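>>> below are the sequence and a predicted model for it; my questions follow.
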Amino acid sequence: MEIRIEKTTAPKAKPDQKNLGFGHNFTDHMFVMDYTEGKGWHDARIVPFENITLSPAAMVFHYGQEMFEGLKAYRGKDGKARLFRPEMNAKRTNDTNDRLCIPRLPEEDFVEAVKAVVKVDQDWIPTEPGTSLYIRPFIIATDPFLGVAPSKTYMFIIILSPSGAYYASGLAPVGIWIEDEYVRAVKGGMGYAKTGGNYAASLAAQVKAHDDGYSQVLWLDGVERKYIEEVGAMNIFFKIDGKIVTPMLNGSILPGITRNSVITLCKNWGYEVEERKISVDELLEAQKSGKLEECFGTGTAAVISPVGKLRYKDDVMTISGGKIGELSQKIYDEITGIQGGTREDKLNWITFVE
Ligand code: PLP
Ligand code: COI
């Protein structure tokens with residue numbers, strides 16, 4: 001893929017690394033590529049970060065034909081910029097695209113585009129502990145047309161945001177609200193795809209949870225409202241009686257790359273890992289009998305996020321005494337160590353941005 005590069009003539013001041021938050025600041029450049037039916041993906045370019053112009057009739061505004069991804073670039077102590085398993089994001093992009101009738105992207109082009117734009121803005125990768133450059137690739141349907149049909153034109157864009165912890169609490173355990181009224185997705189729907197509609201569907205419950213002092217929502221299955229699915233922006237793991245348990249991939253939850261990495265690490269460490277259905281009743285039981293030892297969420301933005309409190313209707317479960325569990329800490333240290341280059345990358349998960 002040939003990428004044209006147009007550098008900005010007005011570089012911005014970089015934000016204070018100690019106060020980044022998540023997703024507020026954007027770098028000097030972005031990657032853009034167009035798709036036109038009959039011509040395919042074309043005109044790959046890195047240009048100054050700027051507003052884009054679309055017709056008010058552009059299909060993305062009306063029927064939500066769009067997808068997005070999330071990954072990060074990390075600056076190691078050796079000064080090298082690293083990506084964590086970007087080929088998994090490329091593959092998931094195409095799984096989402098297939099579901100939404102968006103044309104597939106060559107997976108090597110996805111990774112090349114990410115590397116190229118990070119390279120141009122690599123001075124923006126923050127170095128403070130717990131910070132990284134969040135990378136947000138996305139595709140939008142751009143045809144000016146009000147009929148419900150797949151668009152014939154698209155834009156693929158990658159923007160970059162120097163970021164700190166996703167939750168204001170950092171590594172301190174979060175409180176999670178198990179939602180019993182709304183559902184996020186059902187099997188056969190779009191739950192496994194990374195598309196805006198899933199997040200729009202989550203907002204009403206999230207607002208309710210926030211109003212009650214909880215950080216995020218834990219979804220139950222959309223049919224029986226009985227089985228644990230995932231959290232708003234992360235997959236969920238439990239340590240029950242020494243075993244690691246996480247909901248199986250059933251079509252309605254996102255196949256997280258961090259989830260996959262945690263399962264691999266835990267198996268390699270000799271833990272028994274079960275990917276299966278987990279009912280909310282089983283959790284309540286396990287907590288009452290003292291067998292619910294740890295709970296943590298996994299995600300690119302959230303990294304490993306210990307859960308100290310789970311609320312379901314009138315029950316509030318406190319986990320690990322509201323502190324980070326031993327295993328959660330061990331996984332956090334290993335994953336962030338590999339990402340930051342202080343631990344050996346035995347599984348070849350790192351791609352360097354040359
Ligand atoms: N589940 C949802 C709904 C998410 O938005 C995310 C974040 O990307 C995840 C799970 C975790 O996925 P990953 O580990 O690939 O970032
Ligand atoms: C990510 O972790 O990359 C995500 O996409 C979560 C996002 C909804 C903030």
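Yep, it's here. Ligands and ions are numbered 1, 2, ... in the order given.
>>> and the stretch 51-200 of the chain, which of its residues are near ligand 2?
Where the stretch 51-200 of the chain comes near ligand 2, counting by Cβ under 6 Å from any ligand atom, the residues are residue 70. Quick note: C-beta positions are derived from backbone N, CA and C, even for glycine.
>>> quick check: the residue of the stretch 51-200 of the chain nearest ligand 1.
Residue of the stretch 51-200 of the chain nearest ligand 1, by Cβ to the nearest ligand atom: residue 70 (4.8 Å).
>>> number of residues surrounding the closest residue to that residue other than its chain neighbours?
Nearest in space to residue 70, with sequence neighbours left out and distances taken as Cβ to Cβ, 6 or more residues apart in numbering, is residue 300 at 4.7 Å. Residue 300: 21 surrounding residues under other Cβ atoms under 10 Å.
>>> distance of the residue of the stretch 51-200 of the chain closest to ligand 1 relative to residue 79?
Look at residue 70 and residue 79: by Cβ to Cβ, to the nearest Å, they are 24 Å apart.
>>> and the two? Which one has more around it.
Set side by side, residue 70 and residue 79 show more neighbours around residue 70, with 18 against 8, by other Cβ under 10 Å.
>>> in stretch 252-266, what counts as buried?
By neighbour count on 16 or more other Cβ atoms under 10 Å, the buried set for stretch 252-266 is 252-259, 261-263, 265-266.
>>> now swap in stretch 194-214 and tell me
Residues of stretch 194-214 classed as buried by neighbour count (16+ other Cβ under 10 Å): 194, 195, 196, 197, 198, 201, 202, 205, 206, 209, 214.
>>> how about it against ligand 1, any contact?
No - using Cβ under 6 Å from any ligand atom, stretch 194-214 never reaches ligand 1; the gap is at least 6.7 Å.
>>> which bits of the stretch 201-350 of the chain sit near ligand 2?
233, 299, 300, 301.
>>> go again using 8 Å as the cut-off
Within the stretch 201-350 of the chain, the positions near ligand 2 by Cβ under 8 Å from any ligand atom are 232, 233, 234, 258, 299, 300, 301, 302.
>>> verify the stated contact: the last one with residue 234.
Spelled out, that is residue 302. Yes - using Cβ atoms under 8 Å, residue 302 makes contact with residue 234 at a distance of 4.5 Å.
>>> checking residue 342 next. Helix, strand or coil?
Secondary structure assignment for residue 342 (DSSP: H, G, I helix; E, B strand; the rest coil): coil.
>>> need the phi and psi values for it.
The phi/psi pair for residue 342 (degrees, to the nearest 10) reads phi -100, psi -10.
>>> contact partners for the spatially closest residue to it that is not a sequence neighbour?
Nearest non-adjacent residue to residue 342, counting by Cβ to Cβ, 6+ apart: residue 77, 6.3 Å away. Neighbour list for residue 77: 340, 341, 342 [criterion: Cβ atoms under 8 Å, 6 or more residues apart in numbering].
>>> show me which residues of stretch 344-354 are buried.
349, 350, 351, 353.
>>> find the nearest non-adjacent residue to the last one, please.
What that stands for is residue 353. Leaving aside its sequence neighbours, residue 353 sits nearest to residue 81 (Cβ to Cβ, 6+ apart; 4.0 Å).
>>> could you list the buried residues of whichever strand or helix holds residue 35?
Per DSSP states H and E, residue 35 falls inside strand 29-36. Within strand 29-36, the residues scored as buried using 16+ other Cβ under 10 Å are 29, 30, 31, 32, 33, 34, 35.
>>> in which helix or strand would I find the residue nearest to the last one when sequence neighbours are not counted?
So the one you mean is residue 35. Distances taken as Cβ to Cβ, 6+ apart place residue 154 nearest to residue 35, at 4.1 Å, with adjacent residues excluded. Using DSSP H and E, residue 154 sits within strand 153-163.
>>> so which elements touch that strand?
Under the contact criterion of 3 or more Cβ pairs under 8 Å, 6 or more residues apart in numbering; DSSP states H and E, strand 153-163 touches strand 29-36, helix 107-120, strand 132-141.
>>> buried deepest among these, which one?
Using mean count of other Cβ atoms under 10 Å, the stretch among those with the largest mean neighbour count is strand 132-141, at a mean of 23.
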